[in-house]
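Student: Provide a 3D model corresponding to the input given below.
(2 chains)
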Amino acid sequence: MDWLHFSPDEWDAIRLSLRVATVGTLVSIPLGVFIAYALARWRFPGKFLIDGLVHLPLVLPPVVTGYILLLLVGRKGPIGAFLDQHFGIVFSFRWTGAALAAGVMGFPLLVRAIRLSFEAADRRLEDAARTLGANSIVTFLTVILPLALPGILAGAVLAFAKALGEFGATITFVSNIPGETRTLPTAIYTYTQVPGGDFQAAQLAAVAVILSLLALLVSEFLSRRISARIGG
Amino acid sequence: MFDVAIRKKLGDFSLDVRFASEAPVTALFGPSGSGKTSVANAISGLLQPDAGKIEVGGTLLFDSARAANIPIHRRKMRVVFQESRLFPHLTVKQNLLYGRWLAGKRNGQDVIEVMRMLGLESLLSRRPRTLSGGERQRVAIGRALLADPAALLLDEPLASLDKARKQEIFPYLEKLVAAAKVPILYISHLPEETERLAQTVVTLDQGRVKSVGSKIG
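Tutor: Numbering: from 1, shown residues only, chains lettered A, B, ... in the order given. As a prediction, this is how the structure comes out:
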């Protein structure tokens, strides 16, 4: 048995999964930080609605989330058609759509972790920064954000892990196209459906386990370094 | 130097304070809960009075009658807090230069002098969590002093320290008071240090001014 020998299709699935999860997570971080901050610190009408909307992918069946994405962001959907016409951005049946689905599914985990760290922040340090001449934007960038870094990182890793494993929303929204939208989980699923595909399925499952463990290790390592620095 | 007349309702507590002092160092003296910190916060801008007027060094900071309210970050009222409030993610040096950097001032000879005066040269690359309570407070004093202050508000800078640490810091405070070229408001509930540092003492009790004079009243 040659464990390290992957077929081109398998390599495609691994590479694609990493790209989809990485892009989906990275792109959602700025929005996640903004929404987490708004939920932690601001009062505004409809706050509970935003809170609910953000958390919806956590409780909905992933297939439903994928279907909603298809209706809204698909080629004929209102958002999808708009983006296609004005910016030439297409999500449906592309890897970018898989990244979008992955980002949406990981978003609640991302926002929760970041929000907690904003809520736990020592407001007295922000007051100190204000008296030293920092306006609210500078205070945010130089005090609030750096101190929330461990939370942002923890949330990003959770979202990344979730994105790596995302199946239902992805297959519903962008289908299962080799080389374009066939990520690790959909590839594993596909191999389990073909006769003689057991070995490849097991191989890719092992890769999924290793990648997820690596993500956890990296996050543990980074968060230790950051807390040692901040003195958490 | 300090011209303060403010009213503020804070739950069951009401603050109604009026005093003027031309002394280089003015002390706010009184038991805990007498409203000292609220007055300091009103001057720095962290607390907005319900009504009144605040002038420091001839600059109007707040006037409810004219709807004037300078934002906190433009007042240049540099505060030394009781619990130092150093930024944990920055080094001592970065903490010291934080306000200065925001004020857009270059680092000149005075930075070196302040570091020397407060004995901070050997601590510059350390993080706040590795410092002793006394060292932290010295850094906090330096941070306020280097931030191009229009006035310094020292809010019980010794209160969180034990007796030995207090004796360690006090000489630095005396040096600071002698060297500072801006008005200083010194807040304390301890009579000895108050009368040693300040020329004018404003005594507060239950949110009111009990006396203003050269001694505690």
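Student: dump the residue contacts of A:Ala154.
Tutor: By C-beta atoms under 8 Å, 6 or more residues apart in numbering or on different chains, A:Ala154 lies in contact with A:Ala113, A:Ser219, A:Ser223. Placement of C-beta: from N, CA and C, glycine included.
Student: What is the least confident helix or strand in chain A?
Tutor: helix A:198-230 (a mean of 86; mean pLDDT, DSSP states H and E).
Student: And the residue lying closest to B:Lys93 once chain neighbours are set aside, how close does it get to B:Val182?
Tutor: Nearest in space to B:Lys93, with sequence neighbours left out and distances taken as C-beta to C-beta, 6 or more residues apart in numbering or on different chains, is B:Leu124 at 4.1 Å. B:Leu124 sits at a distance of 24 Å from B:Val182 (criterion: C-beta to C-beta, to the nearest Å).
Student: Same question for A:Arg15.
Tutor: From A:Arg15 to B:Val182 the distance is 62 Å (C-beta to C-beta).
Student: try A:Val54
Tutor: From A:Val54 to B:Val182 the distance is 48 Å (C-beta to C-beta).
Student: And A:Glu10, by the same measure?
Tutor: Taking C-beta to C-beta, one finds A:Glu10 at 70 Å from B:Val182.
Student: A:Val54 and B:Val182: which has the busier surroundings?
Tutor: A:Val54 (21 against 17; other C-beta atoms under 10 Å in any protein chain shown).
Student: ok, B:Ile112 - contacts?
Tutor: Applying C-beta under 8 Å, 6+ apart, no residues qualify as near B:Ile112.
Student: secondary structure element for it?
Tutor: If you go by DSSP states H and E, B:Ile112 is part of helix B:109-117.
Student: following that helix, which helix or strand comes up?
Tutor: According to DSSP H and E, the helix or strand after helix B:109-117 is helix B:133-146.
Student: what are the C-alpha coordinates of the helix or strand following that following helix, in PDB please?
Tutor: The helix or strand immediately downstream of helix B:133-146 is strand B:151-155, counting by DSSP H and E. Only the C-alpha atoms of strand B:151-155 are listed here, as PDB (Å, rounded to 0.1, in the frame of the first residue of the first chain):
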ATOM      1  CA  ALA B 151      -2.200  69.300  32.600                       C
ATOM      2  CA  LEU B 152      -1.500  66.200  34.700                       C
ATOM      3  CA  LEU B 153      -4.300  64.500  36.700                       C
ATOM      4  CA  LEU B 154      -2.800  62.100  39.200                       C
ATOM      5  CA  ASP B 155      -5.600  60.000  40.500                       C
END
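Student: for the next helix or strand after strand B:151-155, which positions count as buried?
Tutor: Downstream of strand B:151-155, the next assigned helix or strand under DSSP H and E is helix B:163-179. For helix B:163-179, burial by neighbour count (16 or more other C-beta atoms under 10 Å in any protein chain shown) applies to B:Arg165, B:Lys166, B:Glu168, B:Ile169, B:Phe170, B:Tyr172, B:Leu173, B:Leu176, B:Val177.
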